[in-house]
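*Asks:* give me a model of this one.
(one chain, ligands or ions: 3)
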Amino acid sequence: MSKSAPPTENSPIHACPSCKSPLRPLVGKMGPFWGCSGFPNCKTTLNDVDGKPTTEINEEYRCPICTRRLVKADGNYWFCSGYSKGCKITLEDEEGVPKTAFRCQECGSLLVKRNGKNGYFWGCSEYPQCSTTYSDLEDRPNY
Ligand SMILES: [Zn+2]
Ligand SMILES: [Zn+2]
Ligand SMILES: [Zn+2]
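*Replies:* Numbers count the residues shown, from 1 in each chain. Ligands and ions are numbered 1, 2, ... in the order given. From the prediction side, this is the model:
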């Protein structure tokens, strides 16, 4: 029984992007990551995001809350690579770029743009625990 099916999108087998060998989950000093089973011939390692290896990390974009890198997900949004560490930040995708996020100056959570009786305003995403709001000034909170 050595027939190995090619990995599919739903398969738990993740192939090395360089040599196509299966990746194996490893745990290092900096937390979990994935290493190529072709090691030491192939030294490819990938970041672990939510239990899966990812090559989709973009160095340019950082989580506005914990400053870890943001990862583009299928379905037009970005999520924080600190997801498995408890950071649940997701940002909408705007033409391949994570939408700019603004933080509540009181509690540090993200602000959400809302449409109220008197027009747009920014409210804390921790509402009702935090009831901080800011008025809208050219599509950003007026701190
Ligand atoms: Zn490899
Ligand atoms: Zn984060
Ligand atoms: Zn707040």
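*Asks:* shaky segments in the protein?
*Replies:* 1-12, 30, 56-59 (pLDDT under 70).
*Asks:* how about the residues of it near ligand 2?
*Replies:* Residues of the chain lying close to ligand 2 (Cβ under 5 Å from the ion) are 63, 65-66, 68, 80, 82, 87, 89. Yep, even glycine has a C-beta here, placed from its N, CA and C like the rest.
*Asks:* pretty sure G123 contacts S109?
*Replies:* No - checked against Cβ atoms under 8 Å, the pair G123 and S109 is beyond contact range at 10.3 Å.
*Asks:* so what's W78 bridging to?
*Replies:* In this entry, W78 is beta-bridged to K72, L91, by DSSP bridges.
*Asks:* burial count for it?
*Replies:* A count of nearby residues for W78, using other Cβ atoms under 10 Å, gives 25.
*Asks:* and it, what does it touch?
*Replies:* By Cβ atoms under 8 Å, 6 or more residues apart in numbering, the contact set of W78 is 61, 70-72, 90-93, 98.
*Asks:* can we see that at 10 Å?
*Replies:* By Cβ atoms under 10 Å, 6 or more residues apart in numbering, the residues touching W78 are 56, 58, 61, 63, 69-72, 89-94, 96-99, 101.
*Asks:* so which of these belong to strands?
*Replies:* Those of the contacts of W78 mapping onto strands are 58, 61, 69-72, 90-94, 97-98, per DSSP state E.
*Asks:* in a markdown table: those residues, plus distance to ligand 3 and neighbour count.
*Replies:* A markdown table is the format used below for the ones in strands among the contacts of W78 (distance: Cβ to the ion, whole Å; neighbours: other Cβ atoms under 10 Å):
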| residue | distance to ligand 3 | neighbour count |
| --- | --- | --- |
| N58 | 27 | 14 |
| Y61 | 23 | 15 |
| R69 | 24 | 19 |
| L70 | 21 | 26 |
| V71 | 25 | 24 |
| K72 | 27 | 19 |
| T90 | 17 | 17 |
| L91 | 17 | 20 |
| E92 | 20 | 12 |
| D93 | 24 | 15 |
| E94 | 23 | 11 |
| V97 | 25 | 15 |
| P98 | 20 | 23 |
